[in-house]
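*Asks:* sequence and predicted structure below; questions after.
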Amino acid sequence: MALLCCAALVLLCVFHSALATIVSDMDYGGVPLWINRFLDEPSVLSLQGRIDTAWFRANNPQACPQQCECPIQWPKALYCDHRGLADIPDSLPDRTQYLFLQGNNISSISHSVLSNITGLRWLILDHNQLQSDRLDQAVLQNQAQLCYFFANHNHLSSVPNALPAGLKQLRLAHNQISSISPGAFHSLHNLTLLLLQGNRLQTITEGDFKGLVSLNLLDLSGNLFSTVPRHLPPFIQQLYLSNNSLSGLDEHSFKKLLNLKYLRLSRCGLQSIHPQAFNFSSLIELDLSYNKLTTIPTVPTTLQYLYMEANEIQEFPLTSFCREVGPLSYSRMKILRLDGNKIFYHQLPPDWVFCLRVLESIYI
Ligand SMILES: *[C@@H]1O[C@H](CO)[C@@H](O)[C@H](O)[C@H]1NC(C)=O
Ligand SMILES: *[C@@H]1O[C@H](CO)[C@@H](O)[C@H](O)[C@H]1NC(C)=O
Ligand SMILES: *[C@@H]1O[C@H](CO)[C@@H](O)[C@H](O)[C@H]1NC(C)=O
Ligand SMILES: *[C@@H]1O[C@H](CO)[C@@H](O)[C@H](O)[C@H]1NC(C)=O
Ligand SMILES: *[C@@H]1O[C@H](CO)[C@@H](O)[C@H](O)[C@H]1NC(C)=O
């Protein structure tokens, strides 16, 4: 009986860890991938272990490379993930629009491998061994339909250039990128999401992000920035800069970002913040958790979510939230996190409820 239990436990563990690998392999850089069923977009889950592949091979009349699965219900999708492939399979059927290649051992992409297909929409290469010098720069240039190119968790050292102009999402998190090729983004006017977290970027020069006029979300967390980069795309709404060692924030740090709504600056070693640093009214959510701040910085009255847990805050200046309190001048704050600081509930100034009058939760 004990033996049986043990065996069951081992089985359970194996199953659990296999599942965990697949799931962590497939976070696509941390931002979910929403599927548009009206466009016939396929499931983003791996078919590994979910579908009897032999059945498809026997029943699907369409051509399918030996290294892939071609499910009947998504005829434009090829699932060639988690197979230890060293290369992208050749003789890809020309119906291919969604190509899943994550979790393989692909280090290079030659010019010709995609030459027979023209309708590619998604190319997913997360968790491979891609190297910048082994990536033929022209390989994607002619893929006019390509809207998603994902290569998170590879060994790229620079942002590829010659990316197709229609690209909407570029996900290159957790590589070794230390530079952006000149002009890499110049024609990407439709790019809305750019993931570059977990790389080795130190600076952004003036021309680097030029052309990204539609960019909405930019993740630069976990790089080597020591100040907030100056030359960011001006219209971004979501900027993630956590896990960089920033020396401080000055009045110009976010000056040109007129649409900035969501700003993450967690774990940046921040000790001081200039009173004007957040003086812009577009801001909705601000994450300053896990820093070394001793006071609450001045934030706009439009701010709705402020996360400041795990700092060294000792005081609660009401002027940080409200410059004056009147019928219309009050803070729109809904959630305020101050837990893990050196401040206690009884230290709040008596009139704080007049200022924070729409607050839903406070953690202290
Ligand atoms: C492209 O198609 C040609 C002609 O069918 C074939 O000979 C060639 O191997 C194909 N190339 C790839 C990379 O699939
Ligand atoms: C991946 O490819 C390298 C050579 O490029 C090889 O040495 C290694 O054994 C391969 N790993 C797997 C898991 O196939
Ligand atoms: C960018 O998006 C617009 C609107 O969806 C579209 O008309 C245009 O063709 C796209 N540009 C490229 C280069 O695909
Ligand atoms: C920041 O670093 C911490 C600790 O190393 C890690 O747990 C967290 O996932 C990182 N967050 C981001 C956004 O990079
Ligand atoms: C924010 O900036 C405006 C000018 O853009 C200025 O009038 C205002 O006093 C500043 N607010 C604070 C709290 O410093």
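*Replies:* Now that the structure is in, tell me what you want to look at. Ligands and ions are numbered 1, 2, ... in the order given.

*Asks:* from N142, how far off is L163?
*Replies:* 11 Å (Cβ to Cβ, to the nearest Å). For glycine as for every other residue, the C-beta is placed from the backbone atoms N, C-alpha and C.

*Asks:* the more surrounded of the two?
*Replies:* Shown here are L163 and N142; by other Cβ atoms under 10 Å, L163 has more neighbours (22 against 13).

*Asks:* now do the same contact list for the more buried one.
*Replies:* The neighbours of L163, taking Cβ atoms under 8 Å, 6 or more residues apart in numbering as the test, are 140-141, 149, 170, 184-185, 187-188.

*Asks:* what number of residues lie near the residue of the chain found nearest ligand 5?
*Replies:* The nearest approach of the chain to ligand 5 comes at N279, 3.7 Å away (Cβ to the nearest ligand atom). Neighbour count of N279, defined by other Cβ under 10 Å: 14.

*Asks:* that one: what's its closest spatial neighbour, skipping adjacent residues?
*Replies:* Of all residues not flanking N279 in the chain, P300 sits nearest, at 6.7 Å (Cβ to Cβ, 6 or more residues apart in numbering).

*Asks:* list the residues that contact that neighbour.
*Replies:* Residues near P300 by Cβ under 8 Å, 6+ apart: 278-281, 283.

*Asks:* can you tell me which of those are buried?
*Replies:* Listed as buried from the contacts of P300 are 278, 280, 283; burial here means 16 or more other Cβ atoms under 10 Å.

*Asks:* wait, a strand at the second one?
*Replies:* No. Assessed by DSSP: H, G, I helix; E, B strand; the rest coil, F280 does not belong to a strand; its assignment is coil.

*Asks:* all strands for the stretch 201-350 of the chain, in order.
*Replies:* 217-219, 238-240, 262-264, 285-287, 305-307, 335-337 (DSSP state E, counting those that start in this stretch).

*Asks:* distance from the chain centre to the very next helix or strand once past the last one, please.
*Replies:* Right, the one you point to is strand 335-337. Downstream of strand 335-337, the next assigned helix or strand under DSSP states H and E is helix 352-355. Relative to the chain's own centre, helix 352-355 is displaced by 36 Å; criterion: Cα atoms, centre = their mean, to the nearest Å.

*Asks:* helix 352-355: what's the following helix or strand?
*Replies:* strand 361-363.

*Asks:* quick one: strands adjacent to that next one?
*Replies:* strand 335-337 (parallel) (DSSP bridges).

*Asks:* that older thread, so for D126, which of the strands of the stretch 201-350 of the chain sits nearest?
*Replies:* Closest to D126 of the strands of the stretch 201-350 of the chain, according to Cβ to Cβ: strand 217-219, at 14.8 Å.

*Asks:* avg pLDDT for the closest one?
*Replies:* Computed over strand 217-219, the mean pLDDT rounds to 98.

*Asks:* hmm, that strand touching ligand 4?
*Replies:* No. Shown here: strand 217-219 not in contact with ligand 4 (Cβ under 6 Å from any ligand atom), separated by at least 7.9 Å.

*Asks:* got the contact list for that strand?
*Replies:* By Cβ under 8 Å, 6+ apart, the residues outside strand 217-219 that reach it are 29-31, 173, 192-197, 232-233, 236-240.

*Asks:* next, W55: phi, psi?
*Replies:* Dihedral pair for W55: phi -60, psi -40, per degrees, to the nearest 10.

*Asks:* now the residue in the stretch 201-350 of the chain that ligand 1 sits nearest to: closest residue in space, sequence neighbours ignored.
*Replies:* Per Cβ to the nearest ligand atom, G211 is where the stretch 201-350 of the chain lies closest to ligand 1, at 30.7 Å. Nearest residue to G211, sequence neighbours excluded (Cβ to Cβ, 6+ apart): H186, at 4.1 Å.
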